[in-house]
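# Turn this into a structure:
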Amino acid sequence: MKSICTLMLVVGAFLFIPFSHLHAQPRMLKGRVTAAATNTALPGVTVQVKGTSRGTTTDPDGNFRIEIPVGPSILVFSFIGYLTHEVPMRGQAIVNVALQPDTRSLEQVVVTAMGIKKEKRAIGYAIQDVSGADLTQSKQSNVVNALQGKVAGVQISSGGGAPGQGSRILIRGINSLDPTRDNQPLFVIDGITMDNNTYTDIGNAGGADTRGMSNRASDINPDDIESISVLKGGAATALYGLRAASGAVIITTKSGKAGRTRVSFTTTAGFDKVGKTPDVQLQYSQGNNGQYDNQSFWPAWGPSVEDARKLDPDHPASLYNNYKQAYNTGSQYRNTLAISGGTEKVVYAASLSQFNQNGVIPFSNYQNYSARVNGDIRFSEKVKMGVSLNYINSGGNRANADRYGEQMIYWSPRWNMRNYIKPDGTQQTYGATDNPIYTLYTNRYGDNVNRLIGNINFTYSPFKWLDILYRAGTDFYTDNRRHTGPGPKGITGEVVNTDNGFGFVHEYMTNQRSLSSTLILNFKNKVTPKLTSDLKLGHDLFDRHLKRLATEGDTLDIPDLLIMQNAKKIVSTQYIEKYYLIGLFGDWTLSWDRWLYLTLSGRTDISSSLPVGHRAFFYPSVSLSYLFTEHLKVPDNILSYGKVRASWARVGKDALPYNTGSGYIPLTDGPIDNNVIGWTRANRYGDAQLKPEFTNTFEVGAELRFLHDRIGVDFAWYTSKSTDLLIPVKLSSATGYEDFYTNAGSIRNRGVEIAFNATPIKKTKFQWDMRINFSANRNEVLSLGKGLSEVVVGDQFGYAGSTATMKYLPGYPVGAIFGTSYLRYTGGQPDNSILIDYSRPIQIAASGNLAGFPMINSGQKYLGNSQPKWIGAITNTFTYGPLTLSVLIDTRQGAKKYNQLANFMAAFGESAVTADRFTSKVFDGVLPNGTPNSQVVYLQQAKGPDGRNYGGGFYRNIYRGVTENFVENASWIRLRNVSLSWQLPSRFLSRTHLISAASLTFTGNNLWLHTKYTGFDPESSSLNAGSNIDAFAGFTYPTTRSYMASLNVNF
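Here you go, the predicted model:
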């Protein structure tokens, strides 16, 4: 045995001896790489021994060290934007290289629709790229949030600051009116379409986002991304067909490069603090009508704190601020380990990632673990293959922010909310009011997502003029959710938590699987020395299966035994959906002398969700790109690049599945007499004549670069008209249905986009780069279906008739908000206009219980538009030696939003607005006879100093019932991101003989916000990331300020 072990040690030692040591010893060579034009160091240059896998990269100072084999060899230096340079080795010990700029760098290759790579000069529509380095600069966990302010024409809204919360992305406004339909762009990763839905419950992708659920694009680790291309117009996305009718986001992940094995480790840790909170009054305590009652349902209509303490010796010296008590300091950290490398024939890349976040709302958290691997194999000059796999496990405990916020309104600031549980496990409370934190502690909602995204692709080039590409992929995930409440414990004196009721166990399971298959034939031909032809013909197949199962067990027999068998009543429901799409497409580009490009494309889609006879439809596009600086030989000393472009496209969009007819659904209460299953009509009446939506778009633009690319401008103007829009139209209950799904509308979008970049200062050690994005979009509902004057999209409750409604009306924008208002004086004439004439005075009641107070117009008036008039962002990046400071400021102007939180706070006396409740006032306005109002009234409840009984007082009688008071200016300016990075000096790292580069970065997000909006954050929304409705913000998750530190080490 001992001899065997000895032999194994000897053999093992031999195996770990590099084979090169058995031959001639290699020698070490070092050097430095600089830019020829500026003589500045170039970090990250690839240095490789030609024909081998031996290679390295330059450090932040441009230095490199590499082992050179004995004998003749050639060093290859390559870097993006510079010409590749080769240096023969003839025994040198030091090699210094100055790389020349690539004069063809303007011919940047970008990824377009169907994964087709094109020179940017040949593209006749708007497209913007974001590098992986720019994405990860903000250290955002959600890749959608990481795009904030980086692309013109793109509007991103975060639902709030919940751990893992989803975000919504819109490109060039809304072009589909179905409120349950997702207007977000198509997401594609490495050529495979991926799901980006945000499901709030088992069957709703557009409902209230009370728990901050994730959009599925957030599953992707931003550290894995090499670049993102955003396709904006119809011509840009026509090849993707109906799935990209709202644009496309093309994600390319990092891949391996030939050369030595590279290892990178990045660790990021930080904490989150609640950003903006509403202003509250802390002068008046618990009770009603100014009378103190420490068991009252009314949290803040009592006397002053001073008077309350005279009646209650246990009353605290000051009231608790519920919004200071309610939130914790959150935390987050991410670790990513990546490895890549390869040879000239085989390259690979792999990564492991871990992300954990604890939320600011108690007991909320989120985790994301991912593993990714991809590789490419070149079998020969004609055949190559690629494969990619990405596995993600994500989920957490999702707190109900809507319910938490509502219960905070009911909780009196006289009591400490943090004292939420008694020793026996029941809730610590007063009266019958539920403690909000106890509700979070016991009422749990968790999700667990397992996802696999993968693809395999083959490229065969039998001739120089023909490439054949085949790609197949899948996006499969299971989303398992569990919602539990323990029920009453049966302890004497227990106040049963309302949300937990008698206890329940609800389990929801979603399985979604999509398969895609794409075949592309690429015919390339140089017709004449100046005329080239590039024709692509393809076939596309998409197959999606969706299955949802909900099992809800209610009324638990044994408290705290949270298993389905413990429920006295169990109900299960199931939903299965199948959807198929077949596409045939072509793309033909003609180029003349590399300064004029004409592209014609077309696609036919066959959709399973449309009725027979309407399933197939065709849409074409055409685009033109003209590089006038090259054609006219314009001197490049001032204008170094000039291009104008134009495009037209027609894009279609099909219906959601199962809307072409009307069916039956089972009764959820189970069997009726004799074990017969009961069935009833479905809620929706389908249209057997459904047609696809169509959008016609026209776009013109220009790209100009000045002073050798020191200044660049990309301008676009577009207009689009969408017709035959699919809308669920409300029906009378007498029909037996809730709505009728049909083609019933048209809208128009018009807008401009400007992307500006400049380098104002460029010195040897200091550089200042600036990037500005600006866009403005105007949309309008042009028409609705025959007999329809309006379509109600959604509403949000407000007390005393102040509910806000979002409607579609011809002549009004898609985000139109309607509700009650103050009555304006019209001189006795009827007010039939839906618009408010703000120049007219408010009418004051002359008699009755409300004499001297403003009158309410209970009719629906137009109160504003939730869509911004314009959005913009400016990024300044300053580089001084190894230090880089980046500052991003963005803004959204001209939007309105209904603030439900302000309505509730006013109704319950907690808003700072109500702090003047014991004062008198003469309201500005006129009496019904037109004379100015002069009557003095008191704002308080009950009897005033003048002996008059004011009942519920101004804020409950009048103020809370006027929607106009709560549709607020939702414009904002914010300091979105500040990032300071330090590249560690190479002279220190070289001593380790292990670390090639390292950087330390400090990042802050959402550090400052300026807005007139009185709620949490005007960017947040009550609806989820997949909804068209963005007009309401109630008890949302508060957004957070984040502070993080990150260390990246490359080996």
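# For the rest of this, base every contact and every neighbour count on C-alpha atoms.
Fine.
# Low-confidence bits of the stretch 101-250 of the chain, can you list those?
102-107, 201-210 (pLDDT under 70).
# what about the strands in it?
If DSSP state E, counting those that start in this stretch is used as the criterion, the strands of the stretch 101-250 of the chain fall at 109-111, 117-119, 127-131, 154-158, 167-171, 186-189, 192-194, 225-231, 248-253.
# Which among those strands is found nearest to Y597?
Across the strands of the stretch 101-250 of the chain, Y597 has its closest neighbour in strand 117-119 (10.8 Å, Cα to Cα).
# which of the residues in the closest one are buried?
For strand 117-119, the buried set under the neighbour-count rule, 16 or more other Cα atoms under 10 Å, is empty.
# partners of that strand in the sheet?
Strand 117-119 has its sheet partners listed here by DSSP bridges as strand 109-111 (antiparallel).
# Kindly tell me how buried the residue nearest to F187 when sequence neighbours are not counted is, as a neighbour count.
Spatial nearest neighbour of F187, excluding adjacent residues (Cα to Cα, 6 or more residues apart in numbering): V249 at 4.9 Å. For V249, the number of neighbouring residues by other Cα atoms under 10 Å comes to 26.
# Next: the one 3 residues further on.
Residues lying near T252 (other Cα under 10 Å) number 20.
# In this structure, where is pLDDT below threshold?
Looking at the chain by pLDDT under 70, you get 1-25, 37-38, 53, 80-81, 102-107, 201-210, 668-675, 1024-1027.
# Show me it divided up by domain.
21-102, 110-274+329-657, 287-318 (automatic domain parsing).
# and among the ones you listed, the most buried is which?
With neighbours defined as mean count of other Cα atoms under 10 Å, these peak in mean count at domain 110-274+329-657, which reaches a mean of 20.
# Tell me how far that one lies from the chain's centre.
Centre-to-centre, domain 110-274+329-657 and its host chain are 9 Å apart (Cα atoms, centre = their mean, to the nearest Å).
# Give the helix, strand or coil label for I361.
With DSSP: H, G, I helix; E, B strand; the rest coil as the basis, I361 sits in coil.
# now the residue nearest to F187, which residues is it bridged with?
F187, V230.
# let's have the chain start at 34 instead
All right, first residue 34 from here; so that's V282.
# Contact partners for it?
218-221, 261-264 (Cα atoms under 8 Å, 6 or more residues apart in numbering).
# returning to that earlier point: relative to T362, which of the strands of the stretch 134-283 of the chain is closest?
Per Cα to Cα, nearest to T362 of the strands of the stretch 134-283 of the chain: strand 187-191, 19.4 Å.
# Kindly calculate the angle that the closest one makes with strand 200-204.
Note on geometry: by axes from the mean of the first three to the mean of the last three Cα atoms, to 10 degrees, strand 187-191 and strand 200-204 are set 170 degrees apart in direction.
# What are the contacting residues of strand 187-191?
So strand 187-191 is contacted by 177-178, 180-181, 198-205, 904, 1052-1054, 1058 (Cα under 8 Å, 6+ apart).
# excluding its backbone neighbours, what's nearest W448?
W448 sits nearest to Y353 (Cα to Cα, 6+ apart), 6.9 Å away.
# Touching, the one you found and P446? I think so.
Yes - using Cα atoms under 8 Å, Y353 is in contact with P446, at 4.8 Å.
# Quickly list what's touching both of the two.
With Cα under 8 Å, 6+ apart, Y353 and P446 have common neighbours L315.
# Count the neighbours of the nearest residue to K1045 once chain neighbours are set aside for me.
Closest residue in space to K1045, ignoring its immediate chain neighbours: N1002 at 6.2 Å, by Cα to Cα, 6+ apart. Burial of N1002 is recorded as 21 neighbouring residues (other Cα under 10 Å).
# what does the one 5 residues further on give?
Burial of R1007, expressed as a neighbour count using other Cα under 10 Å, amounts to 18.
# which residues touch it?
Contact analysis of R1007 by Cα under 8 Å, 6+ apart lists 922-924, 1039-1043.
# for D587, same thing?
Going by Cα under 8 Å, 6+ apart, the list of residues near D587 reads 535-539, 600-603.
# who does it bridge with?
Going by DSSP bridges, D587 forms beta bridges with F537, K602.
# where's it relative to R738, distance?
66 Å (Cα to Cα, to the nearest Å).
# Please apply the same query to E1001.
In this view, E1001 and R738 are 41 Å apart by Cα to Cα.
# and what of T1073?
As judged by Cα to Cα, T1073 and R738 stand 38 Å apart.
# can you check I284 too?
Taking Cα to Cα, one finds I284 at 26 Å from R738.
# And P887, by the same measure?
Distance, P887 to R738, by Cα to Cα: 58 Å.
# When those two are compared, which one has more neighbours?
P887 (24 against 21).
# which residue sits closest to that one, ignoring its sequence neighbours?
That would be I877: by Cα to Cα, 6+ apart, it lies 4.4 Å from P887.
# can I assume the one you found is in contact with G885?
Yes - between I877 and G885 there is a contact at 5.9 Å, judged by Cα under 8 Å.
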